[in-house]
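Student: Requesting a structural model of the entry that follows:
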Amino acid sequence: MELLLQQIINGLVLGSMYALIALGYTMVYGILNLINFAHGDVLMVGALTALSTIVFLQPMFVDAPGWLLLLVGVLAAIPVCITISLIIERVAYRPLRNAPRLAPLITAIGVSIVLQTFAMIVWGRNFLTLPTLLDDRPIEFFGATLTTTRALVIVTSATIMIGLMVLVNRTKLGRAMRATAENPRVAGLMGVNPNYVIALTFAIGAALAAVAGVMWAATYSTAHFFMGFTPGLKAFTAAVLGGIGNIPGAAVGGIVIGVAEQLTAGYISADYRDAITFAILIGV
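Tutor: Numbering: from 1, shown residues only. Model prediction:
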């Protein structure tokens with residue numbers, strides 16, 4: 001029973017991060033019918049930016065609490081990811097909105113490769129280690145163990161997901177986003193600026209990816225130029241599982257994928273944890 005509970009907790013942590021990434025996929029697809037395969041690499045840039053910021057500031061502020069350095073890292077990563085995402089939308093995707101579906105898909109893969117190469121040039125090929133910033137003393141929970149970092153991941157992800165759903169369903173901006181997703185031309189006639197709404201959607205998705213990237217680096221203590229590929233692909237699977245374009249579905253899909261992976265790793269073998277994710281995708 002303790003093993004089952006431990007694997008479920010680990011799955012909730014992993015699934016929370018998948019869910020945040022999947023929300024970026026599903027928001028962009030809901031409005032543009034575009035799969036932004038560069039989204040995982042935006043996560044990677046966010047993680048590396050936060051890591052560089054923390055490593056730069058830590059010697060200067062030796063007595064600063066770890067949570068404050070982590071928060072500063074997140075605040076540094078978000079504008080960088082938003083800027084990159086807005087440039088991608090303006091340069092790579094906007095000219096192809098009315099092109100055949102294959103053109104933006106190939107462009108998204110190309111942008112992903114460009115971001116990975118850029119990160120490799122800036123940060124190098126080696127794995128970089130994020131310093132331990134939080135007091136990770138284990139918290140016993142009915143025989144299972146939960147660290148401070150992992151608890152923070154679950155709470156932060158849940159808070160952001162609830163806030164996003166409130167934004168989309170209860171605000172004027174959310175109404176504009178839903179109108180643009182349904183019919184951009186008619187939304188434009190109603191006074192909505194589709195280009196502004198689409199750019200803002202990319203910005204929100206990039207901010208979520210930045211937070212998820214910092215969470216990923218803090219949970220596993222490493223970051224590298226290729227780190228966004230696998231989480232991005234699995235988050236895409238989560239978005240498809242939840243019904244791509246559906247925000248609550250993407251959140252649920254991320255949790256399901258994370259728990260399924262951890263149960264597979266705990267009861268069968270860690271070698272099959274990737275296989276179960278894509279078996280779910282094939283099944284869907």
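
Student: Would you map the helices across this structure?
Tutor: 2-32, 39-57, 66-88, 102-123, 148-170, 172-182, 184-189, 194-220, 229-241, 247-267, 273-283 (DSSP state H).

Student: And the fifth one, what's buried?
Tutor: Buried positions in helix 148-170, judged by neighbour count with 16 or more other C-beta atoms under 10 Å: 149, 150, 151, 152, 153, 154, 156, 157, 160, 161, 164, 168. In short, each C-beta sits where N, CA and C put it, glycine included.

Student: next one: the fourth one
Tutor: Using 16+ other C-beta under 10 Å as the test for burial, helix 102-123 gives 104, 107, 108, 111, 112, 115, 116, 119, 123.

Student: Could you single out the nearest of those to residue 249?
Tutor: Distance to residue 249, by C-beta to C-beta, is smallest for residue 108 among those, at 21.3 Å.

Student: so who does the nearest residue to that closest one once chain neighbours are set aside touch?
Tutor: Of all residues not flanking residue 108 in the chain, residue 37 sits nearest, at 4.1 Å (C-beta to C-beta, 6 or more residues apart in numbering). Listed by C-beta atoms under 8 Å, 6 or more residues apart in numbering, the contact partners of residue 37 are 105, 108, 109, 111, 112, 232, 236.

Student: which one of the residues you listed sits closest to residue 212?
Tutor: For the contacts of residue 37, the nearest to residue 212 is residue 232 (10.0 Å; C-beta to C-beta).

Student: Could you pull up the residues touching the closest residue to the closest one other than its chain neighbours?
Tutor: Distance criterion C-beta to C-beta, 6+ apart; nearest residue to residue 232, sequence neighbours excluded, is residue 40 at 1.9 Å. Each residue near residue 40 by C-beta under 8 Å, 6+ apart is listed here: 21, 112, 209, 228, 229, 230, 231, 232, 233, 235.

Student: which among those residues gets closest to residue 128?
Tutor: For these, the nearest to residue 128 is residue 228 (13.9 Å; C-beta to C-beta).

Student: so what strands line up beside the lowest-mean-pLDDT helix or strand in the chain?
Tutor: Of all regular secondary-structure elements in the chain, judged by mean pLDDT, DSSP states H and E, the least confident is strand 139-141 with a mean of 78. Take DSSP bridges as the rule and strand 139-141 pairs in its sheet with strand 144-146 (antiparallel).
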